[in-house]
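# Structure for the following, please:
(2 chains)
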Amino acid sequence: MASASGGIDALSQFALTTHLGPLGASVNFTQSNVSMLLAAGLTIVIMWIGMRPRAMVPGRLQSAAELIYETIMSMCVESIGEEGKKFFPIVFTLFTFILFGNLLGVFPYFFTFTSHIAVTLALSLFVFLLVTFVAIREHGTHFFSYFVPPGVPGVLIPLMVLIEVISYLSRVISLSVRLFANMMAGHVMLKVFGSFIVMLGGLGVLGYPPAALSLGVNTLLIGFEVLVACLQAYVFAVLTCIYLHDAVHLH
Amino acid sequence: MTRDTGDSDRAFADRLRAARDRQGLDPRPKPPGEQPEVLGTSPLGLGLRVGLELVSALVVAVAIGYGLDILFDTKPILTVVFIPVGGAAGVMNVYRLFAPKPRKGSRTGEA
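Down below sits the predicted model:
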């Protein structure tokens, strides 16, 4: 918890170490990748095992599977429109991958891969490229009219196009930083208050009340983290849907 | 409860819906075309989102300006030019966030 110098070492939890011995080290297979595989595996298990009974009145696991499926399906149809069904698989994959990544991170000994900007940036770059590709495929060169807002005087068009392009590109940053910052901030807070418990508890009797207070704060934070984990996965999926809506309908 | 017979699937669905309505389990059906309102449900979340939108546009603009500066060897000029443009793009992002929804839908291309 607390480092040797007596300070609070809140960031070492994000350090990557390789797994699987020399083989893992040679291909840089880190605990982040283990968590990713776990998240993907959990999704498959819930959808596969959960939907096996195919019961009219679903059990717990089937309810969970149906709930996730229906939430994402209605999100796709509501935000994108009828064409949204085409994009359901990709939105569903993104949502469950991020959701289980975030939720696994709340448990001890698990790594939160969404707390690394490299991961979230890769995800948002993928979304960005997908949206751009869909827009160009649907509309061809007409897609570039997206950067010319209607009703702008001719003199201002070069400036507006520049601003629109920057605004379009900034989606990558805002999408990735939102997820990354939320997950990292939550885990840093947990670590800081966890360190408080140990440091104050070491003070003796006088330290017990504030240590207990820190424990209470940490308990609340864990609940908050679960909320943030679900909310951020949902936000990422909704924004993907909204961007896809813009790509399909263009204006 | 009566036992389900072959054609009672429909009746079962109706009864299930009635029961769920009674318990208030189903959310009110949203008017179609409206985007789900989850972003910035809390004032803090909204504030953070606005800040993020402003900064991310600026980051992109500075990156572009700096990159072009290195490319054309015009060290500070293009970065300086792009910073206000990035700020404007950030304000535009924020405007999009708060713009009335129907307006966003009716952005028909005239170009």
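
# What's the biggest helix in chain B, counting residues?
In chain B, taking DSSP state H as the definition, the longest helix is helix B:43-72.

# pLDDT score assigned to the nearest residue to A:Met47 once chain neighbours are set aside?
With Cβ to Cβ, 6 or more residues apart in numbering or on different chains as the criterion, A:Met47 has its nearest non-adjacent residue at 5.3 Å, and that residue is A:Ala65. Every C-beta, even on glycine, is put in place using the N, C-alpha and C of the backbone. What the model reports as pLDDT for A:Ala65 is 90.

# Low-confidence stretches in chain B?
B:1-8, B:26-41, B:100-111 (pLDDT under 70).

# Report the buried residues of the longest helix of chain B.
B:45, B:48-50, B:52-61, B:63-65, B:69 (16 or more other Cβ atoms under 10 Å in any protein chain shown).

# on that earlier part again, what's the local residue count around the residue nearest to A:Met47?
A:Ala65: 21 surrounding residues under other Cβ atoms under 10 Å in any protein chain shown.

# same thing with A:Ala39?
So A:Ala39, with other Cβ under 10 Å, has 23 neighbours.

# which residues touch it?
Counting by Cβ atoms under 8 Å, 6 or more residues apart in numbering or on different chains, A:Ala39 makes contact with A:96-97, A:100-101, A:104, A:113.

# Check A:Ala237 too.
Each residue near A:Ala237 by Cβ under 8 Å, 6+ apart is listed here: A:72, A:75, A:91, A:94-95, A:98.

# okay, those residues in JSON lines with pLDDT and neighbour count next?
JSON lines is the format used below for the contacts of A:Ala237 (pLDDT from 0 to 100; neighbours: other Cβ atoms under 10 Å in any protein chain shown):
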{"residue": "A:Ile72", "pLDDT": "92", "neighbour count": "22"}
{"residue": "A:Met75", "pLDDT": "90", "neighbour count": "23"}
{"residue": "A:Val91", "pLDDT": "93", "neighbour count": "23"}
{"residue": "A:Leu94", "pLDDT": "93", "neighbour count": "21"}
{"residue": "A:Phe95", "pLDDT": "94", "neighbour count": "22"}
{"residue": "A:Ile98", "pLDDT": "94", "neighbour count": "26"}
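
# farthest-separated two in the residues you listed?
Farthest apart among these by Cβ to Cβ are A:Met75 and A:Ile98. That separation is 13.7 Å.

# residue ranges with poor pLDDT in the stretch 51-200 of chain A?
In the stretch 51-200 of chain A (pLDDT under 70), no residue qualifies.

# just the CA coordinates of stretch A:205-216, formatted as CSV?
Output of stretch A:205-216 as CSV, limited to C-alpha atoms (Å, rounded to 0.1, in the frame of the first residue of the first chain):
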residue,chain,number,x,y,z
VAL,A,205,-5.6,4.0,19.2
LEU,A,206,-5.7,7.6,18.1
GLY,A,207,-5.7,6.6,14.5
TYR,A,208,-8.5,4.1,14.7
PRO,A,209,-11.5,6.5,14.2
PRO,A,210,-10.1,8.2,11.1
ALA,A,211,-9.0,4.8,9.8
ALA,A,212,-12.5,3.6,10.2
LEU,A,213,-13.8,6.6,8.4
SER,A,214,-11.5,5.9,5.5
LEU,A,215,-12.8,2.3,5.5
GLY,A,216,-16.3,3.7,5.3
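
# contact partners of it?
Residues contacting stretch A:205-216 (Cβ under 8 Å, 6+ apart): A:193-194, A:196-197, A:199-201, A:203.

# cool, and stretch A:244-251?
So stretch A:244-251 is contacted by A:79-81, A:83-84, A:87, A:91, A:130-132, A:134-135, A:138-139, A:142-143, A:145-146, A:150, B:35, B:107-109 (Cβ under 8 Å, 6+ apart).

# Just the buried ones from these, in ChimeraX syntax?
The following ChimeraX line selects those of the contacts of stretch A:244-251 that are buried, judged by 16+ other Cβ under 10 Å:
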select /A:79,80,83,84,87,91,130,131,134,135,139,143,146 /B:35,107
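
# circling back to that earlier point, now, which of the buried residues of helix B:43-72 lie close to chain A?
Restricting the buried residues of helix B:43-72 to those near chain A by Cβ under 8 Å from any Cβ of the partner chain leaves B:49, B:52-53, B:56-57, B:59-61, B:64.

# With distance to A:Thr30 as extra columns, can I get these in CSV?
As requested, these are exported to CSV (distance: Cβ to Cβ, whole Å):
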residue, distance to A:Thr30
B:Arg49, 31
B:Leu52, 28
B:Glu53, 32
B:Ser56, 27
B:Ala57, 32
B:Val59, 27
B:Val60, 29
B:Ala61, 34
B:Ile64, 32
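
# Which stretches in chain A count as helices?
Going by DSSP H, chain A shows helices at A:21-26, A:31-50, A:60-80, A:88-106, A:117-139, A:157-201, A:208-249.

# Now do the contacts for A:Met73.
A:Met73 neighbours (Cβ under 8 Å, 6+ apart): A:85, A:88.
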